[in-house]
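Undergrad: prediction below, plus the sequence it came from.
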There are 2 protein chains.
Amino acid sequence: MVERKRADLDAVFAALASEPRRRMLERLRAGQANISEIAEPFDMSLFGVSKHLKVLEQAGLVRREIVGREHRFAAEIDAIADAERWMQTHLAFWHLRLDALDKHIQKSSVPTKRGKKRT
Amino acid sequence: MVERKRADLDAVFAALASEPRRRMLERLRAGQANISEIAEPFDMSLFGVSKHLKVLEQAGLVRREIVGREHRFAAEIDAIADAERWMQTHLAFWHLRLDALDKHIQKSSVPTKRGKKRT
DNA sequence: CTAAACATCAACCACATGGTTGAACGAAAA
DNA sequence: TTTTCGTTCAACCATGTGGTTGATGTTTAG
C-alpha cells in the first residue's frame, strides 16, 4: 500500500471553507498553473493568493513544484477523497437510521397503544 | 420543489473543520439530544458546547427544537449533501481529466514526435 | 551586467474563533 | 414558593485568518 499519510480532516475542511480557495481548486482542474496565472481572475494581491495556496498546500489539496523562478501548482486528489469519505459515511449512517425509522413506523402503524416510544 | 435555501458552502465546510463538531454530528446520528447530553463526552464547558452547536445550526447541519427548558438537537441532512455534491463534482472533473490524459498517453505512445505537448 | 519577472518575507490591521467564567433567566419539580 | 435544572448572556483572553504593503531574493531575458 502507498504509505500515504491520512489527511488531516480539520485542515482539509478548513481549506475548503473559502470560496476563493475553492475557485482556485476549480482553476487547477484545467491543469497546472503558477501563482500569477492563478491570481489572474482575483482582485487580490499576489501575496494574498500565495497565502491561500499555502493553505491548500498544507491541507494536501495541491502540490507545489518549483521550476526556476516559478512555483507551479497542481491539484491533488487524495486529501479531498478522504474528506469525501467522511461525508459518505455520515450520509450512510443517516440513511440507515431513516430506514430503521421507516420500519419502526410500519410496525407501529397498528393503532394498539402498546409500544412505549422513548422520544 | 422544496424551496430549500442553498447551503452556504463556506459555512458548512467551516463547521465541519473541527473535530469536536464532527463528533457532535456523529453523536446525533444516534438520535436527538439536548446540550447537556451532547456535552457529556467533552471536557469543555456547557457554554463552549453551546457555541459549537450554534455554529452547526447556522451552517444548517443541525436543527434546534426548544421543548420546555431544554434545547433538543437533531442532525440535518441537506447541507451536508450540498457539500458532498461539490466534492463529487470536483472528483468527477478530476477523473475526466485523468481519463483524457490516459488517452493522450496511449496516442503518443507511438514514438513519432508529432503531437506537441504543451506541458 | 542590468533589468524585468516571479515569488517570498516581515510587519501590520481588522475581525473571527475557541475557549473560559460568573451572573441571570425561564421552566419544572418539590 | 423555593429550588433546581438547562441554557443563555456579557465580558474577557489568546490565537488564527484574510488581507494589505514595501522591501528583498532569485531566476531569466536583453
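TA: All right, it came through fine. Only a predicted model underlies this, so the values are computations on that prediction, with no experimental measurement involved. Residues are numbered from 1 along each chain as shown, chains lettered A, B, ... in the order given.

Undergrad: going forward, measure contacts between C-alpha atoms and count neighbours the same way
TA: Noted.

Undergrad: list the buried residues in the longest helix along chain A.
TA: Using DSSP state H, we find that the single longest helix of chain A is helix A:78-107. Neighbour counts using 16 or more other CA atoms under 10 Å in any protein chain shown place A:78-84, A:87, A:90-91, A:94 of helix A:78-107 among the buried residues.

Undergrad: how about stretch A:20-28?
TA: A:21-22, A:24-28.

Undergrad: packing partners of the helix or strand bottoming out on mean pLDDT in chain A?
TA: In chain A, no helix or strand scores lower on mean pLDDT, DSSP states H and E than helix A:78-107, which sits at a mean of 81. The criterion is 3 or more CA pairs under 8 Å, 6 or more residues apart in numbering or on different chains; DSSP states H and E, and the helices and strands that helix A:78-107 contacts are helix A:9-16, helix B:78-107.

Undergrad: before we move on, back to that, quick check, nearest of the buried residues of stretch A:20-28 to A:Arg69?
TA: A:Leu28 (19.5 Å; CA to CA).

Undergrad: how many neighbours does A:Leu53 have?
TA: 23 (other CA atoms under 10 Å in any protein chain shown).

Undergrad: so how far is the helix or strand hosting it off the chain centroid?
TA: Using DSSP states H and E, A:Leu53 falls within helix A:46-58. Put simply, helix A:46-58 sits 17 Å off its chain's centre (CA atoms, centre = their mean, to the nearest Å).

Undergrad: also stretch A:82-95?
TA: Worked out by CA atoms, centre = their mean, stretch A:82-95 lies 12 Å from the chain centre.

Undergrad: give me every residue in chain A lying close to DNA strand D.
TA: Applying CA under 7 Å from any atom of the strand, we find that chain A lies next to DNA strand D at A:14, A:17-18, A:20, A:43-49, A:52, A:55, A:67-69.

Undergrad: go again using 10 Å as the cut-off
TA: Within chain A, the positions adjacent to DNA strand D are A:10-11, A:14-21, A:42-56, A:66-70 by CA under 10 Å from any atom of the strand.

Undergrad: which among those count as buried?
TA: Buried positions within these, assessed by neighbour count (16+ other CA under 10 Å), are A:10-11, A:14-18, A:21, A:49-50, A:52-56.

Undergrad: show me the contacts for A:Gln58.
TA: Applying CA atoms under 8 Å, 6 or more residues apart in numbering or on different chains to A:Gln58 gives the contacts A:Ala11.

Undergrad: now with 10 Å?
TA: Contact analysis of A:Gln58 by CA atoms under 10 Å, 6 or more residues apart in numbering or on different chains lists A:8, A:11-12, A:15, A:52.

Undergrad: and if you look at A:His90?
TA: A:84, B:22, B:25-26, B:29, B:77, B:80-81.

Undergrad: before we move on, what about A:Arg27?
TA: A:Arg27 touches A:21, A:33, A:37-38, A:41, A:74-75, counting by CA under 10 Å, 6+ apart.

Undergrad: now it: which helix or strand?
TA: helix A:19-28.

Undergrad: that helix to helix B:78-107, inter-axis angle?
TA: Relative orientation of helix A:19-28 and helix B:78-107, computed by axes from the mean of the first three to the mean of the last three CA atoms, to 10 degrees: 20 degrees.

Undergrad: and the angle from helix A:19-28 to helix A:9-16?
TA: 90 degrees.

Undergrad: is helix A:19-28 up against DNA strand C anywhere?
TA: No. Using CA under 10 Å from any atom of the strand, we find that helix A:19-28 stays clear of DNA strand C, coming within 13.6 Å at best.
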